[in-house]
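> how does the following fold in three dimensions:
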Amino acid sequence: MEDDRKIAARVAALTHRYGRDVALDGVALEIPAGRNVGLIGPDGVGKSTLMGLLAGARKIQTGQVNVLGANLINERLRRVVGPRIAYMPQGLGSNLYADLSIAENLTFFGRLYGLTRSEREARIWKLTAATGLLAFLDRPARKLSGGMKRRLGIAQTLIGDPPHLVVDEPTSGLDPEERIRFRNLLSDLSGQDRIILLSTHIVGDISSTCETIALMDLGRIIFHGPPDDLVDSARGKVWTISTGYEDLDSWKERFPVISTVPSENGYELRIVAENPDTPEAKPAEPNLEDAYIHYMQKAVSGHLSGAYEKKE
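The predicted model follows:
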C-alpha cells in the first residue's frame, strides 16, 4: 500500500446494489495523487456506479470511499469536499442552458462557485482557450455541435478549478476528430496534484491519456496497474493468421478475432489465443487492445489469479 499522503482516493470493500442486481461487488481501489487513471470495461459492469460514488454523487451502501482525505460516507465531510470534486457524468453537455451563450453559461456556473468577476473572466478565458471554444464565446449553446457541447460541459465542470475530476464515458458518441481533441484536452489538464479518473469502454481513450488503468468486469476490479503491465500479460498470446476468403468464418468460430484486414488473397487476422496449435499462426507483438481482449477472455473463463482474481 502506498503512503497515505500520496493516495488521493481510496475505495475499500465497496458493494452497491440496485434491488437484487449487484453493480459493485467488494471493490477495492487506490488512486495516486497527480495521476490519470482509466477505468475500462464493457457496458454494464459497474463503471458508472463506481464513478458516481467516487464523485460523491451517490450514497454509499456498503464499504468505504475516501477522496481528498474525506470519508464520503460522512454527509458533513461529503459536503465539505464536494466543491473540490468535478463530476462529468455521461451526457454532460446536453444539460446546458440552450439560449445562453458559451460565455453566459460559464459565467453563471462561475457565480455558483463564488468566483469574483476577475476570477471568472480569467477562468473562462483559460478554459475556452484550452477547449477550442474561445472564438465562439457569443454562440448560444443550442447552436453548438455535439462535440462542442461536450467541451463546454468540461469547461463548465472545471470552472471552479477542482483538484479531483471524475469523467464518465466522455468520448461516447463523438466523431474521431472530436475524440482526439477531447483526449488531448484531458492530457493537458493532468499533472501536478490534480486527479483525473476517466471511465470508458474505448481502449484508445485509455492508451493515450492514462498512466494507470483499472479493468472492470461484473462489478469487480480484475486488474489495476500500468498499461505496460497489462500488455506484458498478453505476450505470447497474440497471433496473426493469413487466410483465404472461404476460411474466415471457421477461424472466427475457433478464436477471438481482434481485427480482420483484407489482403490480396483473403484476410490478415489478428487473434488472441493461449496456444492456437496451428502452423498458420505467427506470433505478434501485443498492444493494449490485444491485452484488454486477452484479460477479459481470462475473466470469462475463470483463469485469473492474484490480488484481482475473479471469484466464482
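> all helices of the stretch 101-250 of the chain, in order?
102-112, 117-130, 146-158, 176-189, 203-207, 227-232, 248-254 (DSSP state H, counting those that start in this stretch).
> pLDDT below threshold where in the stretch 51-200 of the chain?
91-95, 191-193 (pLDDT under 70).
> show me the domain layout of the chain.
Recorded structural domains for the chain (assignment: automatic domain parsing) are 4-225, 232-301.
> contact partners for Ile221?
27-29, 214-215, 308 (C-beta atoms under 8 Å, 6 or more residues apart in numbering). No exception for glycine: its C-beta is placed from N, CA and C like everyone else's.
> ok, and which of the domains of the chain has the densest surroundings?
Greatest average neighbour count among those goes to domain 4-225 (a mean of 18), per mean count of other C-beta atoms under 10 Å.
> am I right that Leu189 is in contact with Asp161?
No: between Leu189 and Asp161 there is no contact under C-beta atoms under 8 Å: 10.5 Å.
> which residues does Ile258 contact?
Counting by C-beta under 8 Å, 6+ apart, the residues that Ile258 touches are 238, 270-272, 289-290, 293.
> mind running it again at 7 Å?
By C-beta atoms under 7 Å, 6 or more residues apart in numbering, Ile258 lies in contact with 270-272, 289-290, 293.
> columns secondary structure, pLDDT and distance to Pro42 on top of the residues you listed, output as TSV?
As requested, these are exported to TSV (DSSP: H, G, I helix; E, B strand; the rest coil; pLDDT from 0 to 100; distance: C-beta to C-beta, whole Å):
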residue	secondary structure	pLDDT	distance to Pro42
Arg270	strand	95	20
Ile271	strand	94	19
Val272	strand	92	16
Glu289	helix	92	14
Asp290	helix	93	16
Ile293	helix	91	11
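> ok, which stretches of the stretch 201-312 of the chain are strands?
212-217, 220-225, 238-244, 257-263, 266-272, 281-283 (DSSP state E, counting those that start in this stretch).
> what comes into contact with the first one?
Contact partners of strand 212-217, identified using C-beta under 7 Å, 6+ apart, comprise 29, 35, 37-41, 45-47, 206, 221-227, 230, 295-296, 299, 310.
> what of the last one?
Contacts to strand 281-283, defined as C-beta under 7 Å, 6+ apart, come from residues 236, 239-241.
> same thing but at 8 Å, please
236, 238-241, 271, 273.
> quick one: which of these is nearest to Ala130?
Val238 (37.1 Å; C-beta to C-beta).
> just the local confidence number for that closest one, please.
If you check Val238, the pLDDT there is 96.
> repeat for Tyr295
pLDDT, read off for Tyr295, is 89.
> was I right about it contacting Ser233?
Yes: using C-beta under 8 Å, Tyr295 makes contact with Ser233 at a distance of 6.5 Å.
> which neighbours do these two share?
Common neighbours of Tyr295 and Ser233 (criterion: C-beta under 8 Å, 6+ apart): Phe223.
> please report phi then psi for Arg76.
Note on Arg76: its backbone torsions stand at phi -60, psi -50 [degrees, to the nearest 10].
> now tabulate the helices of the stretch 101-250 of the chain in a markdown table and tack on distance to Asn74.
As requested, the helices of the stretch 101-250 of the chain are exported to a markdown table (distance: least, C-beta to C-beta, whole Å):
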| stretch | distance to Asn74 |
| --- | --- |
| helix 102-112 | 24 |
| helix 117-130 | 30 |
| helix 146-158 | 24 |
| helix 176-189 | 28 |
| helix 203-207 | 32 |
| helix 227-232 | 34 |
| helix 248-254 | 52 |
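> for Arg139, which of those helices is the nearest?
When those are compared (using C-beta to C-beta), the closest one is helix 102-112, at 5.9 Å.
> so that closest one versus helix 117-130, what angle?
On the basis of axes from the mean of the first three to the mean of the last three C-alpha atoms, to 10 degrees, helix 102-112 is oriented at 130 degrees to helix 117-130.
> touching helix 102-112 from outside, list them.
So helix 102-112 is contacted by 96-97, 100, 119-120, 123-124, 127-128, 133, 136-139, 141, 144, 152, 155-156, 159-160 (C-beta under 8 Å, 6+ apart).
> can we see that at 7 Å?
96-97, 100, 120, 123-124, 128, 133, 136-139, 141, 152, 155-156, 159.
> likewise for stretch 124-131?
102-103, 106-107, 110, 134, 137, 151, 154-155, 158-159, 185, 188.
> in a markdown table: those residues, plus distance to Ala23.
Formatted as a markdown table, the contacts of stretch 124-131 follow (distance: C-beta to C-beta, whole Å):
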| residue | distance to Ala23 |
| --- | --- |
| Ile102 | 35 |
| Ala103 | 39 |
| Leu106 | 34 |
| Thr107 | 37 |
| Gly110 | 34 |
| Leu134 | 40 |
| Leu137 | 40 |
| Arg151 | 29 |
| Ile154 | 25 |
| Ala155 | 30 |
| Leu158 | 28 |
| Ile159 | 30 |
| Leu185 | 29 |
| Asp188 | 32 |
